[in-house]
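Peer 1: sequence? don't have it. structure:
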DNA sequence: CGGACCTTTGAAGACATTCAAGGCCTGTGG
DNA sequence: CCACAGGCCTTGAATGTCTTCAAAGGTCCG
């Protein structure tokens, strides 16, 4: 299966990210996470809906997900929330705070979650202790920019089926990166979060799940998902506009 | 008019960026562009459709638009082009090349354009010579991340009318930043580029232009645009879903 | 057990797309 | 210089995907 090809962790290289899916955000391997432990601040685990930071908070740190998951969202002028990213274990977030020394997004735990807080000043120091590479921080940020552009491309040019398939493949790939099951997993976010993120309605997301299940691409029960035919999902993404 | 409030150039602070419109990318003031001249490489002006860099090219430099305009696009798996950004004078692009030392996007001139090439190694040096601020590079990148997230929010949650209005307001604001006319200007990109960027079809973009003109919000002739009622356009963006 | 919330499904409606055609401008070549 | 081919833009009509409106089943938790 195409998607099962070896995928390196992302700190430096991420060439195996397939363009077709939502990108794998930059992430750390477990051994790198261990190194983090020696530098970072770790608070007690977060509960569902608890925030790591809120839009407007002063910027101090970058965060890495240790376990659980996080959603980041903007508040539009009219107060509507717009999800811009989900972060899984190993993934790093909080870059939006740098520009103005205030976070632009709000980050909240989707489930019981523990995160590493990495004081920004120490990030580059940490970076050089992990790799010989310089400008580690800028590389991580560059990847976040690329990820954003992939999501833009997804939203601008794809149907509901393609969007949901992309998200599922993305989650699958990102879990595989952490040596977790890439075919059977639990969606950490609600249908509402998914639909918001993908620019659809909850009804459309629900219908698309049902459609994929009817076609035998996957089985879904609440938040439990089992991907049965990854090639078919890839096909959905690839097909420019051909629907059965 | 709301949109006429003072807007600072973006190098460090950009709080006055209104969330409702597409963000003003990070940009330099003209005096800062002058400083650039002492450091950067400047080639001969680019012709229409000429590329600054192409996806896959080795990363060497960041670029700043001196005059003219640039579009950046991704190539999806199936070869379709997806515009992810337009850059106007003073604006900086090329961050996508850092992550893997290869540009992920292709950047091409939309008209006769001149750009500054800033060798990446020298960027931080340049930065500190302009401002007393450190981590200048990371701030610029953070802004690009935020810009991307605004576009995501625009694509995910807004109608065709809202998307086009947002683009027009964004262009207006960005031109104002360069002391250019913010109400009468020439669109540097084609309808095809606009529709691609906004995730719409050319027909829809054309119809929306016609609609705005019929409503007296603007006058459009080919690529010449005159914004007649910026408040009304703001209103279009603000109205969550109310259509006449 | 009851209530709130989430999810699913159906049906009607709406916005955007697709298909189609005509006008306009540009540039190239006779 | 004019003719003509090819883009690009606009407009109309029909189609379709997604949304909206509506309702019911399910789950979690007090």
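Peer 2: Nice, I can see it. This is a predicted model, so every value here is computed, not measured.
Peer 1: Need the three-state assignment for residue A:44.
Peer 2: Three-state call for residue A:44 (DSSP: H, G, I helix; E, B strand; the rest coil): coil.
Peer 1: roughly how far apart are it and chain B?
Peer 2: When distances are taken as Cβ to the nearest Cβ, to the nearest Å, residue A:44 and chain B turn out to be 28 Å apart. Placement of C-beta: from N, CA and C, glycine included.
Peer 1: number of nearby residues for that residue?
Peer 2: 6 (other Cβ atoms under 10 Å in any protein chain shown).
Peer 1: Please apply the same query to residue A:164.
Peer 2: Neighbouring residues of residue A:164 were enumerated by other Cβ under 10 Å; the total is 25.
Peer 1: Helix or strand for it, just tell me which one.
Peer 2: Following DSSP states H and E, one finds residue A:164 within helix A:160-177.
Peer 1: Equivalent analysis for residue A:193, please.
Peer 2: Using DSSP H and E, residue A:193 maps to helix A:191-198.
Peer 1: tilt between whichever helix or strand comes after that helix and helix A:191-198?
Peer 2: The element immediately downstream of helix A:191-198 (helix or strand, assigned by DSSP H and E) is helix A:202-214. With axes from the mean of the first three to the mean of the last three Cα atoms, to 10 degrees as the criterion, the two stretches helix A:202-214 and helix A:191-198 enclose an angle of 100 degrees.
Peer 1: contact partners of the helix holding residue A:193?
Peer 2: Contacts of helix A:191-198 from elsewhere in the structure, counted by Cβ atoms under 8 Å, 6 or more residues apart in numbering or on different chains, are A:71, A:73, A:81-86, A:110, A:154-155, A:160, A:163-164, A:167, A:187, A:189, A:201-202, A:204-206, B:156-157.
Peer 1: Quick one: residues contacting the nearest residue to residue A:105 once chain neighbours are set aside.
Peer 2: Nearest non-adjacent residue to residue A:105, counting by Cβ to Cβ, 6 or more residues apart in numbering or on different chains: residue A:72, 4.5 Å away. Contacts for residue A:72 were tallied using Cβ under 8 Å, 6+ apart; they are A:83, A:84, A:85, A:86, A:87, A:93, A:96, A:105, A:106, A:107.
Peer 1: same check, this time on residue A:60
Peer 2: When the contact criterion is Cβ under 8 Å, 6+ apart, the partners of residue A:60 are A:97, A:119, A:120.
Peer 1: right, is the lengthiest helix in chain A up against DNA strand D?
Peer 2: As assigned by DSSP state H, the longest helix anywhere in chain A is helix A:136-157. No. With Cβ under 7 Å from any atom of the strand as the criterion, DNA strand D is not reached by helix A:136-157; the gap is at least 10.7 Å.
Peer 1: Mind checking if that helix is in reach of chain B?
Peer 2: Yes. For helix A:136-157, a contact with chain B is found by Cβ under 8 Å from any Cβ of the partner chain, at A:137-146, A:148-153, A:155-157.
Peer 1: Which residue ranges make up the domains of chain A?
Peer 2: Segmentation of chain A into domains, based on automatic domain parsing, reads A:19-150, A:158-238.
Peer 1: what about chain A, any weak spots by pLDDT?
Peer 2: A:1-43, A:124-135, A:240-244 (pLDDT under 70).
Peer 1: for DNA strand D, what are the nearby residues on it?
Peer 2: Residues of chain A that fall close to DNA strand D, judged by Cβ under 7 Å from any atom of the strand: A:159, A:160, A:161, A:199, A:200, A:201, A:203, A:204, A:207, A:222, A:243.
Peer 1: Name the nearest residue to the fifth one, sequence neighbours excluded.
Peer 2: If the residues on either side of it in the chain are set aside, residue A:200 comes closest to residue A:160, at 5.4 Å by Cβ to Cβ, 6+ apart.
Peer 1: The fourth one now?
Peer 2: The shortest distance from residue A:199 to any residue that is not its chain neighbour, by Cβ to Cβ, 6+ apart, is 3.3 Å, and that residue is residue B:156.
Peer 1: which bits of chain A sit near DNA strand C?
Peer 2: Counting by Cβ under 7 Å from any atom of the strand, chain A sits next to DNA strand C at A:190-192, A:202-203, A:205-207, A:209-210, A:220, A:222-223, A:241.
Peer 1: of all the residues you listed, which two lie farthest apart?
Peer 2: Using Cβ to Cβ, the pair of the residues of chain A next to DNA strand C lying farthest apart is A:222 and A:241, separated by 31.1 Å.
Peer 1: follow-up on the earlier one: so which strand or helix has the residue nearest to residue A:105?
Peer 2: Here residue A:72 is covered by strand A:70-75, with elements defined by DSSP H and E.
Peer 1: now that strand: how far from the chain's centre is it?
Peer 2: The chain centroid and the centroid of strand A:70-75 are separated by 11 Å, computed with Cα atoms, centre = their mean, to the nearest Å.
Peer 1: What pairs with that strand, parallel or antiparallel?
Peer 2: strand A:81-87 (antiparallel), strand A:106-109 (antiparallel) (DSSP bridges).
Peer 1: could you point out which element follows the shortest one?
Peer 2: Which is strand A:106-109. Toward the C-terminal end, the helix or strand that comes next after strand A:106-109 (DSSP H and E) is strand A:114-119.
Peer 1: likewise the longest one?
Peer 2: Using DSSP H and E, the helix or strand that follows strand A:81-87 in sequence is strand A:92-93.
Peer 1: Please name every helix or strand in contact with that next one.
Peer 2: Counting by 3 or more Cβ pairs under 8 Å, 6 or more residues apart in numbering or on different chains; DSSP states H and E, the packing neighbours recorded for strand A:92-93 are strand A:61-67.
Peer 1: what comes up buried for the strand it packs on?
Peer 2: Neighbour-count burial for strand A:61-67, with 16 or more other Cβ atoms under 10 Å in any protein chain shown as criterion, is recorded at A:61, A:62, A:63, A:64, A:65, A:66.
Peer 1: Report whether that strand contacts chain B.
Peer 2: No. Contact between strand A:61-67 and chain B, assessed by Cβ under 8 Å from any Cβ, is absent, since the two come no nearer than 10.4 Å.
Peer 1: Let me know the angle separating that strand from helix A:136-157.
Peer 2: Per the same axes, to 10 degrees, the angle that strand A:61-67 makes with helix A:136-157 is 70 degrees.
Peer 1: show me the contacts for residue A:205.
Peer 2: For residue A:205, the contacting residues are A:160, A:164, A:191, A:194, A:195, A:198, by Cβ under 8 Å, 6+ apart.
Peer 1: For the fifth one, give its distance to residue A:71.
Peer 2: It refers to residue A:195. If you measure residue A:195 against residue A:71 using Cβ to Cβ, to the nearest Å, the figure is 13 Å.
Peer 1: Same question for the first one.
Peer 2: Here the criterion is Cβ to Cβ. By it, residue A:160 lies 20 Å from residue A:71.
Peer 1: ok, now the fourth one?
Peer 2: Using Cβ to Cβ, one obtains 10 Å as the distance from residue A:194 to residue A:71.
Peer 1: cool, the last one as well?
Peer 2: For residue A:198, the distance to residue A:71 equals 13 Å [Cβ to Cβ].
Peer 1: what's the answer for residue A:206, then?
Peer 2: Here the criterion is Cβ to Cβ. By it, residue A:206 lies 19 Å from residue A:71.
Peer 1: and the two? which has more neighbours close in?
Peer 2: Here residue A:206 and residue A:71 are compared on neighbour count by other Cβ under 10 Å; more neighbours surround residue A:71, at 24 against 15.
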